[in-house]
Each structure stands twice: as structure tokens, then as C-alpha cells.
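1. make a model of this:
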Amino acid sequence: MAWKDDVWAAVRLVPKGRVVAYVDVATFLGHPRRPRQVGNALAALDEATAKIVPWQRVVNAAGYLSIRGDFAGKDTQKARLIGEGVDVDDDYTVVGFAHVRWRFPLPDDVAG
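-> Residues are numbered from 1 along each chain as shown. As a prediction, this is how the structure comes out:
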């Protein structure tokens, strides 16, 4: 499976109403120094795939929303997160980021 497919699959694990940082996704995939590539993989989503990959749930490590591809921006990401019950302030930062930040399961947790 290609890197972007791995990223998309990982992001699909993030529950509604929760967020993760790019570095969380990269670390879960075994590459903690590749958060920028996670962003690139999400920016590569086309409209059809973006409907099944909840890209809006990925923010930067400070809880700030980041702009992605041509068909969506910070306002779209903010609206989608608010629609899922995540509070986002006027500065495009997730309110209470530490409390809504989701942690990927450890490999041992997934295995059993």
C-alpha cells in the first residue's frame, strides 16, 4: 500500500468529535519525522475520497487548523469540526485541544 493510502486509512480510524495532529498520524505509521508528508497525503485527496476520509480531524500539533487542497480551506474544516461537536475559536484553533485529541491505539492494543 502506498504512503498516502496508509495515511488515509489511519485518518479513517479517528472517531467523530476527536482530532489528531499530523505528527500523531506519522508516528502511528512508524514515521514520526514525516508529519509534513501526512499533510501532503491529505492534500492529495480528491473530492470523492475526501467524503470518506475525515481529513478535517487532522490539525497541527498546537491544535491549529491548516489549509488543505483547492476545494476546502480553514472555514470548511472549522465548519465540519463544529458539526462534529469540536469547538473551534475565531483564530482557527481547537478549543481544549488536549481534551479532544485522540490517541491511536498501540500495536499491542490492536492485536488483542
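
2. show the pLDDT at the nearest residue to residue 87 once chain neighbours are set aside.
-> Residue nearest to residue 87 in three dimensions, not counting chain neighbours: residue 95, with 3.9 Å by C-beta to C-beta, 6 or more residues apart in numbering. Any C-beta I mention is one placed from the backbone N, CA and C, and that applies to glycine too. In this prediction, residue 95 carries a pLDDT score of 98.

3. how about residue 42?
-> Here, the pLDDT recorded for residue 42 equals 94.

4. can you get me a residue count around it?
-> 22 (other C-beta atoms under 10 Å).

5. equivalent analysis for residue 55, please.
-> 23.

6. model confidence for it, exactly?
-> 95.

7. that one and residue 11 touch, don't they?
-> Yes: here residue 55 reaches residue 11: they are 6.5 Å apart, a contact under C-beta atoms under 8 Å.

8. can you check which residues contact both of the two?
-> Common neighbours of residue 55 and residue 11, counting by C-beta atoms under 8 Å, 6 or more residues apart in numbering, are residue 42.

9. quick one: the residue nearest to residue 87 and residue 13, what's the gap?
-> Distance of residue 95 to residue 13, given as C-beta to C-beta, to the nearest Å: 23 Å.

10. of the two, who's got more company?
-> Taking neighbours as other C-beta under 10 Å, residue 95 and residue 13 compare with residue 13 leading, 15 against 11.

11. quick check: the more buried one touching residue 57?
-> No: the criterion here is C-beta under 8 Å, and residue 13 misses it with residue 57 at 9.8 Å.

12. quick one on the thing from earlier: quick one: contacts for the residue nearest to residue 87?
-> Counting by C-beta under 8 Å, 6+ apart, residue 95 has contacts 87, 88, 89.

13. and residue 78, by the same measure?
-> 65, 88, 92.

14. tell me which element it falls in.
-> Per DSSP states H and E, residue 78 falls inside helix 74-83.

15. now swap in residue 26 and tell me
-> helix 22-28.

16. next, the buried residues of the helix or strand that comes right after that helix.
-> Moving toward the C-terminus from helix 22-28, the next helix or strand (DSSP H and E) is helix 35-43. Residues 35, 37, 38, 39, 41, 42 are the ones in helix 35-43 that count as buried (16 or more other C-beta atoms under 10 Å).
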